[in-house]
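Chemist: Got a predicted model here, sequence first, then my questions.
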Amino acid sequence: MRTYPLHSIELEEAKKLQFKVIDTITKHFDGREILSLGDLGVVKGLNKPTYTKKVENVFAEVFDAEAAILVRGAGTGAIRWGLISFMKSGDTILVHDAPIYPTSKVTIETMGLNVVKANFNNLDNIKEVISKNPEIKGALVQNTRQKIDDSYDLEEVITAIKEGNPNIKIVTDDNYAALKVKKIGNQCGADLGSFSSFKVLGPEGVGVLIGKKDLIDKVYSLNYSGGSQVQGHEAMEALRGLVYAPVALAIQSEVNEELVIRLKSGEVEGVKDAFLANAQSKVLLVELNEDIAEDVLELTTKYGAASHPVGSESKYEFVPMMYRVSGTFREADPTLEKRMIRVNPMRSGADTIIRILKSAIDDVKREAK
């Protein structure tokens with residue numbers, strides 16, 4: 001089985017990104033402010049906490065954007081507000097010809113948007129679909145993979161859409177890609193990029209929307225109430241996640257690469273193949289010789305693997321997580337659930353994952369005798 005995972009930044013690149021984050025922070029905060037947990041409420045003139053605005057300015061500069069805003073609702077909320085900034089009920093949206101990520105699908109359906117699909121793996125098809133559907137007003141492009149054989153390049157897809165119709169505004173779903181790859185959507189030419197702070201070691205429930213100032217200002221104007229504000233202490237927590245995530249995620253990528261080599265070499269009996277894929281996060285997919293994936297997953301928690309996701313890369317998830325392949329992958333190929341395991345190393349090393357896998361597989365085989 002061939003996959004086309006996104007190229008993760010190397011550890012040295014991650015260190016440089018961390019240094020860029022710190023340098024940017026020191027331009028927007030003084031030394032006392034950096035050691036504060038932040039303020040609260042709708043400050044006069046800003047209509048939001050002062051520290052939240054400062055953190056938003058840091059996010060914008062780090063990701064080379066005109067503006068940024070922190071919103072309620074995690075990555076889902078960021079995507080929703082991004083679409084709301086330029087689309088209304090009855091408008092037409094372009095998406096990839098693949099299962100739509102469930103939470104994004106809810107947004108599209110509740111907004112009453114008409115969906116047109118194109119194969120993002122085929123640039124000519126994108127342009128053909130756009131030419132046949134001049135009513136398309138916006139596009140949602142997922143940075144990571146929706147199908148196991150997706151191979152598209154984000155920047156090439158964005159360029160093709162803009163060439164097909166420069167008036168189409170593009171929101172990218174950068175969840176599981178931000179701080180792992182060199183560029184997120186707005187850095188590739190999209191109007192807005194979006195992701196959850198929870199997936200980059202930040203607080204739960206806070207989304208990050210980055211890109212064109214006029215669209216960010218629109219979202220800002222629609223989130224004027226006090227209850228809608230991301231408070232200063234939450235913003236500062238998101239900032240700390242921004243500092244520590246790049247290096248942690250780069251190490252995670254290194255562990256994944258090591259695991260592919262070791263599992264392919266036959267280190268764990270019962271493993272047929274191993275490869276990397278963005279499903280949705282860049283993870284290790286382990287294919288077993290037998291259809292025992294569900295039984296193996298019942299036992300991995302016994303040996304210390306996380307039993308279920310929290311934010312699927314949140315600050316709470318430091319032990320390795322072993323669970324079934326993603327919903328969009330299962331929808332594309334239901335047989336994967338029986339023979340494949342998804343592994344995210346989180347902060348663990350390869351030896352720990354090898355030990356847990358081997359122990360669980362051995363137990364299943366022993367019980368089957």
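Modeler: Yep, it's here.
Chemist: pLDDT weak spots in the protein?
Modeler: Along the chain, the parts satisfying pLDDT under 70 run over 1, 279-280, 328-329.
Chemist: For the biggest helix by length in it, name the packing helices and strands.
Modeler: Secondary structure of the chain per DSSP state H: the longest helix is helix 232-264. If you count contacts as 3 or more C-beta pairs under 8 Å, 6 or more residues apart in numbering; DSSP states H and E, helix 232-264 packs onto helix 11-28, helix 50-62, strand 67-72, strand 206-211, strand 271-278, strand 282-288, helix 350-368. No exception for glycine: its C-beta is placed from N, CA and C like everyone else's.
Chemist: just the ones you listed: most buried one?
Modeler: strand 206-211 (a mean of 29; mean count of other C-beta atoms under 10 Å).
Chemist: Quick one: name whatever helix or strand follows that one.
Modeler: Following strand 206-211 in sequence order, the next helix or strand is helix 213-222 (DSSP states H and E).
Chemist: before we move on, the earlier item: can you mark which positions in the longest helix of the chain are buried?
Modeler: 232-239, 241-250, 252-253, 255-256, 258-260, 262-263 (16 or more other C-beta atoms under 10 Å).
Chemist: Now distance to residue 304 too, for the helices and strands packed on helix 232-264, in a markdown table please.
Modeler: Formatted as a markdown table, the helices and strands packed on helix 232-264 follow (distance: least, C-beta to C-beta, whole Å):
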| stretch | distance to residue 304 |
| --- | --- |
| helix 11-28 | 25 |
| helix 50-62 | 35 |
| strand 67-72 | 34 |
| strand 206-211 | 29 |
| strand 271-278 | 19 |
| strand 282-288 | 17 |
| helix 350-368 | 6 |
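Chemist: Quick one: closest of these to residue 200.
Modeler: Residue 200 lies closest to strand 206-211 among the helices and strands packed on helix 232-264, at 8.3 Å (C-beta to C-beta).
Chemist: Okay, now the sheet partners of that closest one, with direction.
Modeler: Strand pairing for strand 206-211, determined by DSSP bridges: strand 67-72 (antiparallel), strand 192-196 (antiparallel).
Chemist: got the angle between it and helix 232-264?
Modeler: 90 degrees (axes from the mean of the first three to the mean of the last three C-alpha atoms, to 10 degrees).
Chemist: How far does strand 206-211 sit from its chain's centre?
Modeler: How far strand 206-211 lies from its chain's middle: 12 Å, per C-alpha atoms, centre = their mean, to the nearest Å.
Chemist: For residue 315, which non-adjacent residue is closest in space?
Modeler: residue 201 (4.6 Å; C-beta to C-beta, 6 or more residues apart in numbering).
Chemist: my guess is that neighbour meets residue 317, correct?
Modeler: No - Residue 201 is beyond contact range of residue 317, at 9.7 Å (criterion: C-beta atoms under 8 Å).
Chemist: between those two, who's got more neighbours?
Modeler: Higher neighbour count among residue 201 and residue 317: residue 201, with 24 against 18, using other C-beta atoms under 10 Å.
Chemist: returning to that earlier point: in CSV: the strands paired with strand 206-211, plus distance to residue 41.
Modeler: Formatted as CSV, these follow (distance: least, C-beta to C-beta, whole Å):
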stretch, distance to residue 41
strand 67-72, 15
strand 192-196, 24
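Chemist: Now do residue 84 against residue 169, distance only.
Modeler: Distance, residue 84 to residue 169, using C-beta to C-beta, to the nearest Å: 12 Å.
Chemist: quick one, which of those two is more surrounded?
Modeler: Per other C-beta under 10 Å, whichever of residue 84 and residue 169 has more neighbours is residue 169, with 22 against 15.
Chemist: Spatially nearest residue to residue 299 (excluding sequence neighbours)?
Modeler: Residue 299's closest residue in space is residue 360 (C-beta to C-beta, 6+ apart), at 4.1 Å.
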